[in-house]
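K.L.:
Kindly generate the corresponding structure for this input.
(chains A and B)
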Amino acid sequence: MKPELSWLDDPETFRVNQLPVHSDHHFYQSETDLNAGQSQFAQSLDGTWQFKFAKQPKERPIGFYAPDYDRSDFDTITVPEHIEIAGYGRLKYINTTYPWEGKDYRRPAYALGKDQKGEGMFSNGEDNYVGAYLKTFELNPKLRNKRVVVQFDGVEQAMYLWLNGQFVGYAEDSFSQSEFDLTPYLKDGENLIAVEVFKRSTAAFIEDQDMFRFSGIFRSVRLVGEPAIHVQDMRIIGNLADDYTTGDFSLKLKLNRQSNAKGSVQIGITDDDGQSLFDTQKPVNDDIEINHQTFPNVHLWQHTDPYLYQLKITVLDEQGQVVEIVPYQFGFRRVEMKNKIMLLNGKRIILNGVNRHEWNAKSGRVISVADMKQDLKTFEENNINAVRTCHYPDRDEWYYLCDQAGVYMMAENNLESHGTWQKMGAVEPSYNVPGSLPEWREAVVDRARSNFERFKNHTAILFWSLGNEAYAGDDIAAMNAFYKDHDNTRLVHYEGVCRNRVYEDRISDMESMMYDPPKEIAKYLDNDPKKPFVDCEFMHDMGNSLGGMSSYNDLIDKYPMYQGGFIWDFIDQAIEVKDEVTGQPVLRYGGDFDDRHSDYEFSGDGLLFADRTPKPALQEVKYYYGKHIN
Amino acid sequence: MANTSTKQVQIIYGDATLGLRGNGFGYIFSYERGGMESLVQHGKEWLYRVPKPTFWRATTDNDRGNGFSVKSATWLGTDMFLKCTDIAVAVNDKPIALPISPENNKYSDHEFADHVTITFTYETLTTPATTVTAAYTVNGKGDIQVNVDYHGKAGLPELPALGLRFVMPTPAVCFRYDGLSGETYPDRMAGGVKGTYTVDGMPVTKYLVPQECGMHMQSKQVTVTRNRTQDNTDHSSHVFNLTFAQNDRPFAFSCLPYTAEEIENATHIEELPAPRRTVLTVFGAVRGVGGIDSWGADVEQQYHISAEQDHSFSFVIQGA
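P.N.:
Here you go, the predicted model:
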């Protein structure tokens, strides 16, 4: 297949030759590797890559992926790193309007008519800078003679991939993992992987989050060798029976097998003390299922006691040799709606939550596991029990850590398009996407699918969220339907339907509003509401702005259908630079990089400053959130 | 009883000032500057310029978002350019004619009283104008009871703040207060834990855009500690203290190196000048900071400060 630059302009082309998304489980060759947490099946491609920056597509090094291309003028860049933090692209922060505001006139393809295809809008975009990335590698011995895939955990905003000069595939959706099969293109000895990253594509219209606008390979890249029999995908359901004490466990495995390889699969569950509760062995098959296995008197998972059981799947070949081991921790818990109240394990859920962007003042949205752990420590110290992954999927590790910490997750897929319907504060959806446009539907449903398929096994996820501020139409209703079709163990959240109530019976299990005054919320709750109420964003903590929390707290005590919310937001977005005058490290915000049009200090709404030190208001949050620990 | 000068305050009827002295203290009130010009305890000067009522707070992000600073901008001018329109003196609660020359020729170099009150009246530059008085009552121990009375006037926009601002000549080393933990406001103090806290330096909360910060509600007492003066003969670096204590009710205060105007003008914290002074403001009324959002929602009604109503507050600066 020949790659086309026009894919950048086409909302219907967002994945080419990508492998289907699967669960985020890890797999190991041996107990030793499992215990060390190091899979020899994985080979990191993080580190230094060759790099060439081009200001716009027509200046990019065409054909740079060919092994014989003269790359003597290439620089280097670190992976993962934003192209802007590396100093090639300009730092820019903007909230609602699109980052080309005042510089380019764009309308989303098809939004104003079937004939408005937007050809050349991004492929010829003068602001669409391009990063050409290259790296050579030799396969680690353990990956040889296996099916080898490459995983990109995050590339913003569109990428083309080549191996050894041959085109492999194309991906959008900056915050979901993109995986490609490299097996047909691999050689013995040195291989050359090449990635061309474009700052903009049609994805720009649906990735308009209120954040610094970055580009580049900003999460890890790795090769993974899959053994001859491999658990490709798994679905774990740890539910509860109606008595709330009996565990109801189901498991579905999808296996990939080389030449119909045979063997067996051991499935074991142990408790926290290592006591075996369940052990079974099944012959290898393409699909293996355990349905509604019951466990009496299970230890429930909840915020105050996030008890996890250990599932271990051991794949054996015909000779009984271990082929791979897949561990996964899961909890037993039940999420449901009863009498219009959302319950966890039969009890009313009260969300003492925060919205959390991935942020590090030095590296932007490239964050470390240490950052995540520190954030969870802050959660624990301040009675924060819930997080909304605003407004995109986070790094995998965060979901595992939330399972362990008992943090209730509202797992949001990557979607925000407020620039297409919110103009200077007014609702004006004349060119809204995705809206009800068929040409945009698959792109957004794919984002829901990626989010669901990857994270479906995380106990901490109580809610799926369809994105943020994207208005409402048939396409978002289709996302809602996707989650509903695939998961009856969680609830679905979306706020934007409140802007277009025609869809309220098709979108969102809860009435979610942002920044609704307490009096308005009370009015809603006093008038026989259809759905329980959640503040997906409240207590906007810009600068020194947090106060009046008692009015929200009172609602919790007064209305069972008021179920709390998520403070906007957890951490300021600001970038540490060296002050031009003093040489001291200082924090800079929107507009500080000559970036215009800008929303300036609107990037700083956190309970923490951008360097992760707490704002004074945090003690107030701790106090009120401590009143309803659950 | 014998007139024991150790329990009485000595009055110096100057031509431009009223001096009040006692064991370990010496205070000067300036008729020219319209306020207390010098507050010396144990040889250390505590005032840089005369304290004046303050009406402004550095705009918070929510103030900007909901237009509060625009609606109440008149108070910024008054905060900077307040004028003193009247001065009155009372000795042992009995008003006397303002003791400037030649009226003061009737006094001697040996004048004592149980307590002396000097009251400064300030007129705001608002339309309509109103008045605020600051009355200082000094006793023989050097205790200064300060009473501030703001006179409400119909038609005035809401007050961003109401306090009395003391600018001290050198930066504080630390301050110690008996009140609530952390930075608190009327609508954000439930999480504050009562206790005695020492704050090193005068930290300016590092909000991305410098803004109102450092408020301590419900305080019973604050002691400011410095270790330098501007006196060229004073080479000591030993610390010395001044204590502000509640009179009838707890008070709010902030202790920062900058005035609200200095903070107002910075778009980044690094633009603020090197700390050279201590700005200790005792507040009689504090507006809340909270808001539902940062683009229009107002602070909850009970946390507004009406400028149409009277406001009074009182505290004591402890004597030597």
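K.L.:
okay, now the residue in chain B that chain A sits nearest to: neighbour count?
P.N.:
In chain B, the residue found nearest to chain A is residue B:290; the distance is 2.1 Å by Cβ to the nearest Cβ. C-betas here are computed from N, CA, C, even on glycine. A count of nearby residues for residue B:290, using other Cβ atoms under 10 Å in any protein chain shown, gives 28.
K.L.:
Which phi and psi values does residue A:627 adopt?
P.N.:
phi -80, psi -20 (degrees, to the nearest 10).
K.L.:
which residue sits closest to it in space, ignoring its chain neighbours?
P.N.:
Taking Cβ to Cβ, 6 or more residues apart in numbering or on different chains, and ignoring the residues beside it in sequence, residue A:627 has residue A:553 as its nearest neighbour in space, at 6.3 Å.
K.L.:
you'd agree the one you found is in a helix?
P.N.:
Yes: Residue A:553 sits within a helix when classified using DSSP: H, G, I helix; E, B strand; the rest coil.
K.L.:
Tell me which residues touch it, please.
P.N.:
Contact analysis of residue A:553 by Cβ atoms under 8 Å, 6 or more residues apart in numbering or on different chains lists A:624, A:627, A:628.
K.L.:
from those residues, which is closest to chain B?
P.N.:
residue A:624 (6.8 Å).
K.L.:
Give me the distance between that closest one and residue A:564.
P.N.:
The span separating residue A:624 from residue A:564 equals 10 Å under the rule Cβ to Cβ, to the nearest Å.
K.L.:
Residue A:508 too?
P.N.:
Residue A:508 is 16 Å from residue A:564, where distance means Cβ to Cβ.
K.L.:
Between these two, which is the more surrounded one?
P.N.:
The residue with more neighbours, out of residue A:508 and residue A:564 and counting by other Cβ under 10 Å, is residue A:508; that gives 27 against 24.
K.L.:
so that one touches residue A:531, yeah?
P.N.:
Yes: taking Cβ atoms under 8 Å as the definition, residue A:508 is a contact partner of residue A:531 at 7.3 Å.
K.L.:
Residues that sit against both of residue A:624 and residue A:564, list them.
P.N.:
In contact with both residue A:624 and residue A:564: residue A:352, using Cβ under 8 Å, 6+ apart.
K.L.:
hang on, the earlier thing: for the residue of chain B closest to chain A, what are phi and psi?
P.N.:
Recorded main-chain torsions at residue B:290 are phi -70, psi 160, according to degrees, to the nearest 10.
K.L.:
what residues are up against it?
P.N.:
With contacts defined as Cβ under 8 Å, 6+ apart, the neighbours of residue B:290 are A:539, A:545-549, B:62, B:185, B:187-188, B:299-300, B:303.
K.L.:
okay if I get those as TSV plus secondary structure, neighbour count and pLDDT?
P.N.:
Written out in TSV, the entries for those read as follows (DSSP: H, G, I helix; E, B strand; the rest coil; neighbours: other Cβ atoms under 10 Å in any protein chain shown; pLDDT from 0 to 100):
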residue	secondary structure	neighbour count	pLDDT
A:539	coil	28	97
A:545	coil	28	95
A:546	coil	26	97
A:547	coil	28	97
A:548	coil	26	97
A:549	helix	23	97
B:62	helix	30	97
B:185	strand	27	98
B:187	coil	24	98
B:188	strand	29	98
B:299	coil	26	97
B:300	coil	19	97
B:303	helix	18	98
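K.L.:
could these go into TSV alongside distance to residue A:40?
P.N.:
Below are these laid out as TSV (distance: Cβ to Cβ, whole Å):
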residue	distance to residue A:40
A:539	47
A:545	50
A:546	48
A:547	54
A:548	55
A:549	50
B:62	54
B:185	56
B:187	57
B:188	53
B:299	59
B:300	59
B:303	61
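K.L.:
Identify the residues contacting stretch A:423-434?
P.N.:
With contact meaning Cβ under 8 Å, 6+ apart, stretch A:423-434 is reached by A:11, A:107-108, A:111-112, A:205-206, A:417, A:420-422, A:435, A:440-441, A:443-444, A:470-471, A:473, A:475-476, A:499-500, B:295.
K.L.:
again, only using 7 Å
P.N.:
Outside stretch A:423-434, the residues within contact range by Cβ atoms under 7 Å, 6 or more residues apart in numbering or on different chains are A:107-108, A:111-112, A:205-206, A:417, A:420-421, A:440-441, A:444, A:470-471, A:473, A:475-476, A:499, B:295.
K.L.:
before we move on, what about stretch A:392-408?
P.N.:
Contacts of stretch A:392-408 with the rest of the structure, by Cβ under 7 Å, 6+ apart, involve A:24, A:153, A:175-176, A:209, A:219, A:302-304, A:306, A:308, A:329, A:331, A:351, A:358, A:369, A:372-373, A:376, A:379-380, A:385-387, A:409, A:412-414, A:451, A:455, A:458-460, A:462.
K.L.:
With stretch A:334-349 instead?
P.N.:
Residues beyond stretch A:334-349 that count as contacts (Cβ under 7 Å, 6+ apart) turn out to be A:239-240, A:244, A:300, A:302, A:333, A:462, A:489-491, A:509-510, A:531-532, A:560-561, A:563, A:630.
K.L.:
Quick one: distance of it to the chain centre.
P.N.:
Average the C-alpha atoms of stretch A:334-349, do the same for its chain, and the two points are 25 Å apart (Cα atoms, centre = their mean, to the nearest Å).
K.L.:
now do the same end-to-end measure for that stretch.
P.N.:
End-to-end distance for stretch A:334-349: 11 Å, by Cα to Cα, to the nearest Å.
K.L.:
For chain B, what's its nearest residue on chain A.
P.N.:
With Cβ to the nearest Cβ as the measure, residue A:547 is the residue of chain A nearest to chain B, at 2.1 Å.
K.L.:
Relative to residue A:467, how far out is the residue most central in space within chain A?
P.N.:
If you average the C-alpha coordinates of chain A and look for the closest C-alpha using Cα atoms, centre = their mean, you land on residue A:393, 0.9 Å from that point. The gap separating residue A:393 from residue A:467 is 11 Å, by Cβ to Cβ.
K.L.:
which neighbours do these two share?
P.N.:
Joint contacts of residue A:393 and residue A:467 (Cβ under 7 Å, 6+ apart) are residue A:413.
K.L.:
which stretch of helix or strand covers residue A:204?
P.N.:
When secondary structure is defined using DSSP states H and E, the element that contains residue A:204 is helix A:203-206.
K.L.:
same thing with residue A:612?
P.N.:
No secondary structure element spans residue A:612, as it lies outside all helices and strands (assigned by DSSP H and E).
K.L.:
repeat for residue A:411
P.N.:
Assignment of secondary structure by DSSP H and E places residue A:411 within strand A:408-412.
K.L.:
next SSE after that strand?
P.N.:
strand A:422-423.
K.L.:
quick one on the thing from earlier: closest one to residue A:485 out of the contacts of residue A:553, please.
P.N.:
Comparing these against residue A:485 with Cβ to Cβ picks out residue A:628 as the nearest, at 33.4 Å.
K.L.:
partner strands of the strand holding residue A:411, parallel or antiparallel?
P.N.:
When pairs are called by DSSP bridges, strand A:408-412 turns out to pair with strand A:386-388 (parallel), strand A:461-465 (parallel).
K.L.:
Quick one: mean pLDDT for that strand?
P.N.:
Per-residue confidence for strand A:408-412 averages out to 98 on the pLDDT scale.
K.L.:
what's the spacing between it and its chain's center?
P.N.:
Averaging C-alpha coordinates over strand A:408-412 and over its chain gives two centres that are 10 Å apart (Cα atoms, centre = their mean).
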